[in-house]
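[1] my questions concern the predicted model and sequence given below.
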Amino acid sequence: MSTLTNLLLKNQSQKKEGFFNSKLSKTIVLGVAITCLGKFEAKAQFTLTGQIRERVEMRAGQGTLQQDGDKAALFTSQRTRLSAGYTGYRFKIYTSLQDVRVWGQDASTINRTTTEANNGILLHEAWAEISLIDTLSTIQNLSIKAGRQEIAYDDQKVLGSLDWLQQGRRHDAIVFKYANKGWIADVGAAFNQNKELNTGTIYNGTNSAYGAGTNGIGTMYKSFQYAYIGKKFFFGDLSFLFFKDDFNKYTNVTSGTPAVTTKVNGEGVWSRNTTGIYYNVNATRKLNFMGSFYHQGGHDKDGRSLSANMASITSTYQVGRKLFIGPGVDYLSGDDGTKAVTATSDNNRFDPLYGTPHKFWGSMDYFYAANGFGKQGLLNYFFKIKYNAKDNLSFNLDIHGFESANKISNGAGGKLNSYLGTEVDLTVRYNLTKIINFEAGYSIMKATNAMASTAVKNIANADLTPQFAYVMLNIKPNFLAKK
């Protein structure tokens, strides 16, 4: 009897234990599922940000000299951006819708006349990035990024977002990206067309309303290919860039009476190659050196053989906790201004590609910006001072001495003094909050007659003391941030 009872009790115990084991197993499985789902949801992240940037500018010779007696210009421009991004498993997408306009350029009610020439609404960025590795990979990043995007590297001297310009700069491109253990390697390409075509690949690069001009050359590239390799070391950063941009070939055709010469695009491209290195080295805890060297070869947008160079070095020394000072120099080669330029002569003028001229060659944008300044190249001697008065308040003072890198013709067989002018730029930045920022700047230049000459700015009876001032409000909210 006791044996039978023991067997029954043992059987019931096993059933009960099995019941609890089964329940525990289900609970564990459910918990793991919830955890995995939670991790997946954590990886899927949506962002929504905006920007309102309003800038009031007073221009009395900004960009180019004005004539004596000309009145100063005053206007307000505004950039409005709405940007959305989503990060999911092995992909990212991002879009940025932008509107840029000057206050008052549109009628307030009817007869709205905004055109492409007046900036207006633009899709600034729209790209997708796909990861080629899973989350278990030991490689930090291996991905493909395709679509409209900003392309910026290092100090943005030759490739940058040009954020000072309200429109900014973007490219329609595809980029293969690699990053691991301090190494970065990107390979990118672009191929532009004006519209859908059934035959041929002829591209009219002068009709692109936004960002067409490369530092004033007035022609958009037809295509580009580039490779960038960078490495972070304990003492700083080193990088290498190879960039080839291609321009549609053309011929000049003369016809009619009176004779009229027109530019006719054809098949094929002229290719420009830019190769160079960048460095950012901490010599000591308080002393930093940053610079670059680039060489350009191949052919320019007009088919002329190209051989040009750029070299730059900037030093920064920290004096105490708040003060930073340092001299520097930029050299960009140019043509001999006393010699005639023909279709067969070499081009020695370095073009800093798709960089950020406003950041390096003076706030008044006399050099390598929208307005040309001749073909003699540039020497820029500068001394910079930065003082951080508080965590949210800083002052910058930049002093530039500008000189032609080559001879300047006086138009009568002789040459002019190569010194172009001295510019002083003062900038004040104040962060009211992490979202709201104020900035104000004032610039003045003492220009020379060489700057006003036919070979450089070509302004008769010029005011040789141009000035520029601005006040800017920048608000960048994150609409999904927790309060």
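    Done, it's in. This one's a predicted model, so the numbers in the text were calculated from it and none came from an experiment.
[2] any idea how the chain splits into domains?
    Domain ranges of the chain: 1-43, 46-475, per automatic domain parsing.
[3] now the end-to-end length of the last one.
    When you say that, I think you mean domain 46-475. Distance between the two ends of domain 46-475: 20 Å, counting by Cα to Cα, to the nearest Å.
[4] the bottom helix or strand of this protein by mean pLDDT?
    Least confident helix or strand of the chain, by mean pLDDT, DSSP states H and E, is helix 2-43 with a mean of 45.
[5] tell me what whichever helix or strand comes after that one is packed against?
    Beyond helix 2-43 on the C-terminal side, the first helix or strand identified by DSSP states H and E is strand 45-60. When contacts are defined as 3 or more Cβ pairs under 8 Å, 6 or more residues apart in numbering; DSSP states H and E, strand 45-60 sits against strand 73-88, strand 467-475. (Glycine included, C-beta is placed from N, CA and C.)
[6] any idea of the mean pLDDT for the first one?
    For strand 73-88, the mean per-residue pLDDT is 97.
[7] partner strands of it and their direction?
    Strand 73-88 has the following strand partners under DSSP bridges: strand 45-60 (antiparallel), strand 91-102 (antiparallel).
[8] hmm, who's touching the longest one?
    When you say that, I think you mean strand 45-60. Defining contact as Cβ atoms under 8 Å, 6 or more residues apart in numbering, one finds that strand 45-60 is touched by 66, 70, 72-87, 166, 463, 466-480.
[9] swap in the last one?
    For strand 91-102, the external contacting residues (Cβ under 8 Å, 6+ apart) are 75-86, 114, 118-131, 166-168.
[10] try 6 Å this time
    Residues outside strand 91-102 that contact it (Cβ atoms under 6 Å, 6 or more residues apart in numbering): 75, 77, 79-86, 119, 121-122, 124-130, 166-167.
[11] buried subset of those?
    By the neighbour-count criterion of 16 or more other Cβ atoms under 10 Å, the contacts of strand 91-102 include these buried positions: 77, 79-81, 83-85, 119, 122, 124-125, 127, 129, 166-167.
[12] out of those residues, which two sit at the greatest distance?
    Spatial extent of these (Cβ to Cβ) is set by the pair 77 and 129 at 31.2 Å.
[13] mind checking the end-to-end distance for stretch 391-411?
    Chord length of stretch 391-411, first to last residue, is 53 Å (Cα to Cα).
[14] for stretch 339-351, that is, sorry about that
    First-to-last residue span, stretch 339-351, Cα to Cα: 20 Å.
[15] and that stretch, what's buried?
    Those would be 347, 348, 349, 350, 351, for stretch 339-351 by 16+ other Cβ under 10 Å.
[16] so the first one is in contact with residue 304, correct?
    Yes. Distance between residue 347 and residue 304: 4.4 Å, which falls inside the contact criterion (Cβ atoms under 6 Å).
[17] for this structure, which strand is longest?
    Longest strand in the chain by number of residues (criterion: DSSP state E): strand 260-282.
[18] mean confidence for it?
    Across strand 260-282, pLDDT averages out at 94.
[19] can you name the next helix or strand after that strand?
    strand 287-298.
[20] ok, of the domains of the chain, where does mean pLDDT dip lowest?
    The bottom spot among the domains of the chain, by mean pLDDT, belongs to domain 1-43, with a mean of 45.
[21] pick the most deeply packed of the domains of the chain.
    Burial of those is given as mean neighbour count (mean count of other Cβ atoms under 10 Å); domain 46-475 ranks first at a mean of 16.
[22] could you pull out the helices for the stretch 301-450 of the chain?
    Per DSSP state H, counting those that start in this stretch, the stretch 301-450 of the chain carries helices over the ranges 357-360, 449-452.
[23] let's have these in CSV, adding distance to residue 386.
    Output for these, formatted as CSV (distance: least, Cβ to Cβ, whole Å):
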stretch, distance to residue 386
helix 357-360, 14
helix 449-452, 27
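[24] can you tell which of the ones you listed is closest to residue 259?
    helix 449-452 (32.6 Å).
[25] who does the closest one touch, helix- and strand-wise?
    strand 419-431 (3 or more Cβ pairs under 6 Å, 6 or more residues apart in numbering; DSSP states H and E).
[26] neighbouring strands of the strand it packs on in the sheet, and parallel or not?
    Applying DSSP bridges, one finds strand 419-431 paired with strand 393-403 (antiparallel), strand 436-447 (antiparallel).
[27] using a markdown table, lay out those together with distance to residue 459.
    Shown next, in a markdown table, are the strands paired with strand 419-431 (distance: least, Cβ to Cβ, whole Å):
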| stretch | distance to residue 459 |
| --- | --- |
| strand 393-403 | 16 |
| strand 436-447 | 9 |
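[28] which among the ones you listed is found nearest to residue 244?
    Closest to residue 244 of those, according to Cβ to Cβ: strand 393-403, at 29.9 Å.
[29] still on that earlier bit, for the buried residues of stretch 339-351, which one is nearest residue 224?
    Using Cβ to Cβ, residue 351 comes nearest to residue 224 of these, at 13.4 Å.
[30] hang on, the earlier thing: TSV for the helices and strands packed on strand 45-60, including distance to residue 297?
    Output for the helices and strands packed on strand 45-60, formatted as TSV (distance: least, Cβ to Cβ, whole Å):
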stretch	distance to residue 297
strand 73-88	37
strand 467-475	36
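[31] any idea which of those strands gets closest to residue 326?
    Across these, closest to residue 326 is strand 467-475 (Cβ to Cβ), at 23.6 Å.
[32] circling back to that earlier point, now the two most distant members of the buried residues of stretch 339-351.
    It's 348 and 351 that sit farthest apart of the buried residues of stretch 339-351, by Cβ to Cβ, at 11.1 Å.
[33] not counting sequence-adjacent ones, nearest residue to residue 328?
    In space, and not counting its chain neighbours, residue 328 is closest to residue 314: 3.6 Å by Cβ to Cβ, 6 or more residues apart in numbering.
[34] am I right that that neighbour is in contact with residue 290?
    Yes. Between residue 314 and residue 290 a contact is recorded at 4.8 Å, counting by Cβ under 6 Å.
[35] quick one: secondary structure of the residue minimising distance to the centre of the chain?
    Closest residue to the average C-alpha location of the chain: residue 161 at 1.6 Å, with Cα atoms, centre = their mean. Secondary structure, DSSP: H, G, I helix; E, B strand; the rest coil: residue 161 is coil.
[36] tell me how far it lies from residue 151.
    8 Å (Cβ to Cβ, to the nearest Å).
[37] let me know whether residue 459 touches residue 68 as I believe.
    No. Assessed by Cβ under 6 Å, residue 459 is found out of contact with residue 68, at 9.9 Å.
[38] tell me, what's touching those two both at once?
    Joint contacts of residue 459 and residue 68 (Cβ under 6 Å, 6+ apart) do not exist.
[39] so what's the residue nearest to the centre of the chain closest to, chain neighbours aside?
    Using Cβ to Cβ, 6+ apart, the closest residue to residue 161 is residue 150 (4.4 Å).
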